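Asks: predicted model and sequence follow; I will ask about them next.
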Amino acid sequence: MSDSVVEPVRGDAAPASGNGARAGSVEAATWTVKSGLAQMLKGGVIMDVVTEEHARTAEEAGACAVMALERVPSDIRAAGGVARMSRVDLIERICEAVTIPVMAKARIGHFVEAQILEAIGVDYVDESEVLTPADEAHHIDKHRFRVPFVCGARGLDEALRRIAEGAAMIRTKGEAGTGDIVEAVRHMRAVWAGIRRVESTPDDELPSLAKELSASLPLVQEVKRLGRLPVVNFAAGGVATPADAALMMQLGADGVFVGSGIFKSDNPARMASAIVRAVTHYQDAAVLAEVSRDIGEPMRGVAVSSLPPGEQLAARGI
Amino acid sequence: MGVLALQGDFREHRRMLRRLGVEAHLVRTPPELDAVDAVILPGGESTTIARLARSSGLWEPLASRLAAGMPAWGTCAGAILLASEAPGLDREPLGQMAMRVRRNAFGRQIDSFEEMLSVQGLAGAPYPAVFIRAPVFEDLGSAVEPLARLPDGRVVACRQKSLLATAFHPELTDDSRLHALFLAMARQALATGAAGPAA
């Protein structure tokens, strides 16, 4: 996909800051500042880490951010039970260990977990379907927070609902912890198919399309004007190899989350730097071939098609 | 005009330049660097961009082009790479601007902010400066001219000959005056051939 297709612009769809014209007026946590950090992460790889040592390995490999967790998604799957926000002391130690941004996950709808993550100073909160949802009907009202949020989506409709709630960054849900890229591909294609549909819909038919998508009309109009989502859109959920990462970039992702794919592989340091290079040089097959050499075994996957319906995380929080 | 396109918000810089009638080239490889006369180092993560510049074979060519006087502008992470000193970066920066950069000088993301700034050389209203996990510039050498300060005096924009550094992100605004300023700086340096090695 050519660069021009994914040309992003400043996300002004959600409440923007009211800039005063006076020199010296300061405004914190504006929409520009919250969505702006995601702009800085673009073209990068965000890696799940469970220890400070992992975090340092990720930073050294060139990760643009880390996701601090007690367990990577494949272990969450294996463990079963209720998956909650990670321990505060663990997240704090990871924040201390690296200079790159640190993200952490809160349960869908669990606004107090998010308040705690904001209080300890994480740079981004992932309101994530990988954890057990705390609210079956409502997501967190993300406008109320100074910390920015990223949320998962399976298509344009979910993405626009999350943005309306205040998400400053979107990622595909994919199917976390499987190492199977099929769902991430499905969700990224669905987002772009939705955008193309909006672009080709006449202005006077946008209200009924917005109704069909259960999305706000101003956001649908914004998507038509921009030809893309008004916030950064990463791929997540099943990326296990440099080729998977480059595939998602060629399908129009702004960057990539890698969960279990790095620290469940044979040689995490090598896999991590190979995926970082693959995301930068995603259109250069010679570089992709080079970085795919001698990186050891990727994580052992589980085919999404073999999962019982109840074990698919992507259906949570729509 | 080139924009280093290894990681970060390089497309926003290209969008701003396009508004000024300049079609920028994205630089990911040494031949792409050879093809440009001036370069913007975008915002992003400085450790990530530095590592990718090494693995892409761009670090040494970039350092020698800058030493030979190629005009360059670094925003945030890009400014960190231009400095002579950047404590906490896991490697020496490119070292072309005589200053020390304090990374994440304002704290974590929740401490990021927008502020209207007076910038020397820009006519008209104050400039809408967006600071995201931003650095500040300290211990400026005599060749480095401060262009903008926060109310507390800390330097957040400066210039050394045809090198420009901003701690904030003009590419995230709708105000193209700083991009116009850099284009004028680069054109002047290239026209007069006066862009000797950075002092």
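Replies: Perfect, I can see it now.
Asks: what about the host helix or strand of residue B:13, near chain A?
Replies: Applying DSSP states H and E as the criterion places residue B:13 in helix B:10-19. Yes - Helix B:10-19 comes into contact with chain A (C-beta under 8 Å from any C-beta of the partner chain), by way of B:10, B:11, B:12, B:14, B:15. For the C-beta atoms, the positions are set from N, CA and C on the backbone; glycine is no exception.
Asks: helices or strands up against that helix?
Replies: Judged by 3 or more C-beta pairs under 8 Å, 6 or more residues apart in numbering or on different chains; DSSP states H and E, helix B:10-19 is in contact with strand B:2-4, helix B:177-192.
Asks: redo these as a markdown table? Include distance to chain A and mean neighbour count.
Replies: A markdown table is the format used below for those (distance: least, C-beta to the nearest C-beta, whole Å; neighbours: other C-beta atoms under 10 Å in any protein chain shown):
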| stretch | distance to chain A | mean neighbour count |
| --- | --- | --- |
| strand B:2-4 | 11 | 26 |
| helix B:177-192 | 14 | 18 |
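Asks: who's in contact with residue 148?
Replies: Going with chain A. Residue A:148 makes contact with A:34, A:35, A:37, A:38, A:123, A:124, A:125, A:168, A:169, B:109, according to C-beta atoms under 8 Å, 6 or more residues apart in numbering or on different chains.
Asks: that's the other chain; I wanted chain B
Replies: B:117, B:118, B:119, B:120, B:127, B:129, B:155, B:156, B:157, B:166.
Asks: what's the burial count for residue A:113?
Replies: Look at residue A:113: counted by other C-beta atoms under 10 Å in any protein chain shown, it has 21 neighbours.
Asks: in the chain, which residue is most central in space?
Replies: This is for chain A. Central residue of chain A (C-alpha atoms, centre = their mean): residue A:171, 3.3 Å from the mean position.
Asks: meant chain B, my bad for not saying
Replies: Note: chain B centre (C-alpha atoms, centre = their mean) maps to residue B:74, 0.9 Å.
Asks: quick one: classify that one as helix, strand or coil.
Replies: strand (DSSP: H, G, I helix; E, B strand; the rest coil).
Asks: chain B contacts on the stretch 201-318 of chain A?
Replies: A:273, A:276, A:277, A:279, A:280, A:281, A:284.
Asks: redo the residues you listed as JSON lines? Include secondary structure, distance to residue A:50 and neighbour count.
Replies: Shown next, in JSON lines, are these (DSSP: H, G, I helix; E, B strand; the rest coil; distance: C-beta to C-beta, whole Å; neighbours: other C-beta atoms under 10 Å in any protein chain shown):
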{"residue": "A:273", "secondary structure": "helix", "distance to residue A:50": "19", "neighbour count": "24"}
{"residue": "A:276", "secondary structure": "helix", "distance to residue A:50": "19", "neighbour count": "30"}
{"residue": "A:277", "secondary structure": "helix", "distance to residue A:50": "24", "neighbour count": "27"}
{"residue": "A:279", "secondary structure": "helix", "distance to residue A:50": "22", "neighbour count": "30"}
{"residue": "A:280", "secondary structure": "helix", "distance to residue A:50": "26", "neighbour count": "25"}
{"residue": "A:281", "secondary structure": "coil", "distance to residue A:50": "28", "neighbour count": "23"}
{"residue": "A:284", "secondary structure": "coil", "distance to residue A:50": "32", "neighbour count": "17"}
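Asks: what residue ranges in chain B are flagged as low confidence?
Replies: B:194-199 (pLDDT under 70).
Asks: longest helix anywhere in chain A?
Replies: helix A:182-199 (DSSP state H).
Asks: can you name the residues in contact with the helix or strand following it?
Replies: Where DSSP H and E defines the elements, the next helix or strand beyond helix A:182-199 is helix A:206-213. With C-beta under 8 Å, 6+ apart as the test, helix A:206-213 has contacts from A:156-157, A:160, A:194, A:197-198, A:201, A:216-217, A:219-221, A:224.
Asks: ok, and the most crowded of these?
Replies: residue A:160 (28 neighbours).
Asks: residue A:218 is in contact with that residue, correct?
Replies: No - assessed by C-beta atoms under 8 Å, residue A:160 is found out of contact with residue A:218, at 10.0 Å.
Asks: tell me the buried residues in the helix holding residue B:13?
Replies: Of all the residues in helix B:10-19, those buried under the rule 16 or more other C-beta atoms under 10 Å in any protein chain shown are B:10, B:11, B:12, B:13, B:14, B:15, B:16, B:17.
Asks: nearest to residue A:184, of the residues you listed?
Replies: residue B:11 (22.1 Å; C-beta to C-beta).
Asks: below-threshold pLDDT in the stretch 101-250 of chain A: ranges please.
Replies: For the stretch 101-250 of chain A, no range has pLDDT under 70.
Asks: quick one: residue B:128 is in a helix?
Replies: No - assigned with three-state DSSP, residue B:128 falls outside any helix and is strand.
Asks: for the residue in chain B sticking out farthest from the centre, what are its contacts?
Replies: Distance from the C-alpha centroid of chain B, by C-alpha atoms, centre = their mean, peaks at residue B:110 (23.4 Å). For residue B:110, the contact set (C-beta under 8 Å, 6+ apart) comprises A:28, A:29, A:118, A:121, A:123, A:146, A:147.
Asks: those, buried ones only, as a PyMOL selection?
Replies: The buried residues among the contacts of residue B:110 can be selected in PyMOL (16+ other C-beta under 10 Å) with this line:
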select buried, chain A and resi 29+118+121+123+147
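Asks: so which of the contacts of residue B:110 also contact chain B?
Replies: A:28, A:29, A:118, A:121, A:123, A:146, A:147.
Asks: what segments of chain B are strands?
Replies: B:2-4, B:25-27, B:39-41, B:72-75, B:83-85, B:97-102, B:113-117, B:127-131, B:136-138, B:145-149, B:155-160, B:163-166 (DSSP state E).
Asks: touching chain A at all, the last one?
Replies: Spelled out, it's strand B:163-166. No - contact of strand B:163-166 with chain A (C-beta under 8 Å from any C-beta) is absent, the minimum separation being 14.0 Å.
Asks: next one: that strand to chain centre, how far?
Replies: Centroid separation between strand B:163-166 and its chain, computed with C-alpha atoms, centre = their mean, to the nearest Å, is 5 Å.
Asks: who are the packing partners of that strand?
Replies: Strand B:163-166 packs on strand B:72-75, helix B:77-82, strand B:97-102, strand B:155-160, helix B:177-192, going by 3+ C-beta pairs under 8 Å, 6+ apart.
Asks: who's in contact with the residue in the stretch 201-318 of chain A positioned nearest to chain B?
Replies: Using C-beta to the nearest C-beta, the closest approach of the stretch 201-318 of chain A to chain B is made by residue A:280 at 5.2 Å. Residues counted as contacts of residue A:280 (C-beta under 8 Å, 6+ apart) are A:43, B:6, B:7, B:28, B:52, B:56.
Asks: cheers, nothing more for now.
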